[in-house]
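Visitor: Quick one, what's the 3D model for this:
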Amino acid sequence: MDMNLLAALDALLQENSVTRAAERLGTSPAAASRTLAKLRRVLGDPLLVRAGQEMVPTPRARELREQVRAVIEQSQALLAPASALDLAQLRRTFTLQASDLVLVGLGAALIDRVHAQAPNLDVVFLPESVEDGPALRQGQVDLELGVLGHLDPETLTEPLAEVRLVAVARTGHPLFDRPIDARRFAEADHIGVSRRGRRHGPIDTALAEQGLRRRVAVVVAGYTSALLLAGTTDLVCLTIAEWVPDTLTALGLRAFPIPLDVPPLTIGMAWHPRNTADHGHRWLRDQVRAAANGH
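Guide: Numbers count the residues shown, from 1 in each chain. Alright, predicted model coming up:
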């Protein structure tokens, strides 16, 4: 079907004149006349017939006039740019995937910003169990936050912040009796954080370069559990101190620098390109960026 015929039919039925319809369409009277002939063949009706010096619509043409106009108006609305975002009236739910550490670090600032501008917008946070999977591609997640891993090739990413891990232990831990070097750090029992049960990471690589090895005595799925354990045992865990200072104090924990050359972590956000131009999603990315810059 040649959809251009609808625009021509609309002009002809509105004007009842091949000449005026041609002017409206930005074409010649001859071209408009050929289009009218084609429309007559397609619809099996003369549509416009001569009545003296004028052309008048047939009953079929009169019947079609409002229907065709409605289709044209709907098409114009469909192809028009999206309307401006009205945050006060926006009713929508966004789903974000983030680790508990990222949620603690950015969640409060992000929610405050979101609800201050869009009070009817809801945010659902999913755990890392969906990380490194097809959730973004399948539309289960709108935005992934954290240390970005194996993403689909079309996924778009943006770095948000670079953060350094520190070690934490309970305030009365024997480690604090004297300076903490790499050897004393390695001799302590550690808590590993891995939702897949991994016991080896960049810390172990850095220790191995110095001929040292630590014991990862416990592995938990999230940083929240690790901090709670560290507060009641002699186990050492890692975290981002500047994101949870009040939590460390409340749990009786004390942070100290990791005595190793460990590169910082890059916290970023990832999204599927289907959402790049969406006004609401673009606004949400702005809010995440602003929340991250607050640190």
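Visitor: hey, where'd the helices end up in the stretch 151-295 of the chain?
Guide: In the stretch 151-295 of the chain, the helices defined using DSSP state H, counting those that start in this stretch lie at 182-187, 202-209, 223-232, 245-250, 279-293.
Visitor: Quick one: mean pLDDT over the last one.
Guide: Put plainly, it is helix 279-293. Mean pLDDT, computed over helix 279-293, is 93.
Visitor: any chance of the helices of the stretch 151-295 of the chain in CSV, with mean neighbour count and distance to residue 139 too?
Guide: (Glycine included, C-beta is placed from N, CA and C.) Listed next are those as CSV, based on neighbours: other C-beta atoms under 10 Å; distance: least, C-beta to C-beta, whole Å:
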stretch, mean neighbour count, distance to residue 139
helix 182-187, 16, 44
helix 202-209, 15, 33
helix 223-232, 20, 28
helix 245-250, 13, 33
helix 279-293, 17, 12
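Visitor: Let's have these in CSV, adding distance to residue 89.
Guide: Below are these laid out as CSV (distance: least, C-beta to C-beta, whole Å):
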stretch, distance to residue 89
helix 182-187, 54
helix 202-209, 46
helix 223-232, 36
helix 245-250, 35
helix 279-293, 12
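Visitor: Residue 19 is nearest to which of these?
Guide: Nearest of the helices of the stretch 151-295 of the chain to residue 19, taken as C-beta to C-beta: helix 279-293 at 42.6 Å.
Visitor: who does that closest one touch, helix- and strand-wise?
Guide: Packing partners of helix 279-293 (3 or more C-beta pairs under 8 Å, 6 or more residues apart in numbering; DSSP states H and E): strand 93-97, helix 100-117, strand 143-146, strand 156-163, strand 265-271.
Visitor: Pick the most buried one from those.
Guide: strand 143-146 (a mean of 24; mean count of other C-beta atoms under 10 Å).
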